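Colleague: Make a model of this:
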Amino acid sequence: MKILLAPSERKTLGGDNPPISKKSFIFPEIYEKRIEAVRKYDEFLKTTNDIKNFGDDKTSVFTRPTKKAVLRYSGVAFDHLKYNVLDEDSQKWIDENVYIFSNLFGVISAGDLIPHYTLKQGAKPGFDIYSYHHNVFAPILEKINETEPFIDLRAKFYEKIYKPKNAITFKFIKNGKVVSHFAKAYRGKLTAIIAKHKPSTLEEVLKIPFEDIKVLEIQEKKGVKEIICEVY
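Modeller: Residues are numbered from 1 along each chain as shown. Alright, predicted model coming up:
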């Protein structure tokens with residue numbers, strides 16, 4: 001079972017690992033295709049003054065130090081995941097089984113090593129990078145999804161890259177209303193709890209004692225099971 005997460009725009013700086021290489025990422029068989037998109041972004045940085053979408057760091061992405069993706073991203077979901085306080089087994093499970101949909105690098109694992117970068121959601125560095133990522137990563141993920149269900153905790157935007165057919169999603173309800181922005185926090189909490197229990201089926205997911213979350217019902221449509229929860 002894999003968890004799909006969106007990235008965060010907020011990221012930590014620095015890193016204690018060397019710049020990206022083939023060893024930095026999962027799916028080494030498509031490394032050159034992954035890096036082709038990164039090279040285009042790298043060249044685009046030299047020509048743009050759009051600091052809002054691409055930042056003000058003009059150094060090459062290929063020269064920047066790296067750290068684990070799960071530690072690089074520091075938005076709401078990752079704050080509530082609290083990776084650093086999890087036990088070693090849970091951290092290892094997250095490193096290997098959480099896929100993050102990076103705007104720049106495509107589909108990476110939480111344990112992949114990436115540099116700091118700026119690429120706002122939806123921005124295009126001279127080409128449609130989301131269409132590019134879809135063509136590269138969707139076939140790989142579809143193959144995995146044939147035998148493994150995905151727990152999809154991403155924002156809908158990232159379905160541009162890939163939309164699973166065999167998946168579990170969550171909808172959070174509070175005081176009768178769908179939780180929107182703070183849903184990111186529950187996604188982070190869910191990821192941490194799931195990592196501790198390491199389920200492999202929907203039945204095992206439903207047996208997990210989620211803190212402050214009560215399952216109300218499960219709806220299914222086209223292979224996607226949506227777990228509707230009351231949160232407190």
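Colleague: which outside residues touch stretch 154-170?
Modeller: 4-6, 101, 106-107, 121-122, 130-131, 133-134, 137-138, 141-142, 145-146, 148-153, 186-187, 190, 202, 205, 222-229 (CB atoms under 8 Å, 6 or more residues apart in numbering). In short, each C-beta sits where N, CA and C put it, glycine included.
Colleague: what's around the residue nearest to residue 192 when sequence neighbours are not counted, how many residues?
Modeller: Nearest residue to residue 192, sequence neighbours excluded (CB to CB, 6 or more residues apart in numbering): residue 81, at 5.2 Å. Residues contacting residue 81 under the criterion other CB atoms under 10 Å number 26.
Colleague: Same question for the one 3 residues further on.
Modeller: For residue 84, the neighbour count with other CB under 10 Å is 8.
Colleague: In contact with the closest residue in space to it that isn't next to it in sequence, which residues?
Modeller: Distances taken as CB to CB, 6+ apart place residue 71 nearest to residue 84, at 7.8 Å, with adjacent residues excluded. Residue 71 is in contact with 12, 83-84, counting by CB under 8 Å, 6+ apart.
Colleague: what do you get for residue 3?
Modeller: Counted by CB under 8 Å, 6+ apart, residue 3 has contacts 97-99, 150-151, 153, 191, 194.
Colleague: As TSV, those residues with pLDDT would be great.
Modeller: Below are the contacts of residue 3 laid out as TSV (pLDDT from 0 to 100):
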residue	pLDDT
97	97
98	98
99	98
150	95
151	96
153	96
191	96
194	95
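Colleague: Show me those residues that map onto strands.
Modeller: Counted as lying in strands by DSSP state E, out of the contacts of residue 3, are 98-99, 150-151.
Colleague: From the residues you listed, pick the one nearest residue 77.
Modeller: Closest approach to residue 77 among these (CB to CB): residue 98, at 10.7 Å.
Colleague: neighbours around that closest one, how many?
Modeller: 24.
Colleague: where does the spatially closest residue to it that is not a sequence neighbour land on pLDDT?
Modeller: Once flanking residues are discounted, residue 98 sits nearest to residue 110: 4.0 Å by CB to CB, 6+ apart. What the model reports for residue 110 is a pLDDT of 98.
Colleague: Okay, helices next: where are they in the protein?
Modeller: Using DSSP state H, the helices found in the chain span residues 31-45, 51-54, 69-72, 76-81, 88-97, 129-145, 183-197, 202-206.
Colleague: TSV please, covering those helices and showing distance to residue 169.
Modeller: Output for the helices of the chain, formatted as TSV (distance: least, CB to CB, whole Å):
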stretch	distance to residue 169
helix 31-45	26
helix 51-54	29
helix 69-72	21
helix 76-81	15
helix 88-97	17
helix 129-145	14
helix 183-197	10
helix 202-206	11
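Colleague: Let me know which of the ones you listed is tucked in deepest.
Modeller: Most buried of those by mean neighbour count (mean count of other CB atoms under 10 Å) is helix 69-72; its value is a mean of 23.
Colleague: from the chain's centre, how far out does it sit?
Modeller: 10 Å (CA atoms, centre = their mean, to the nearest Å).
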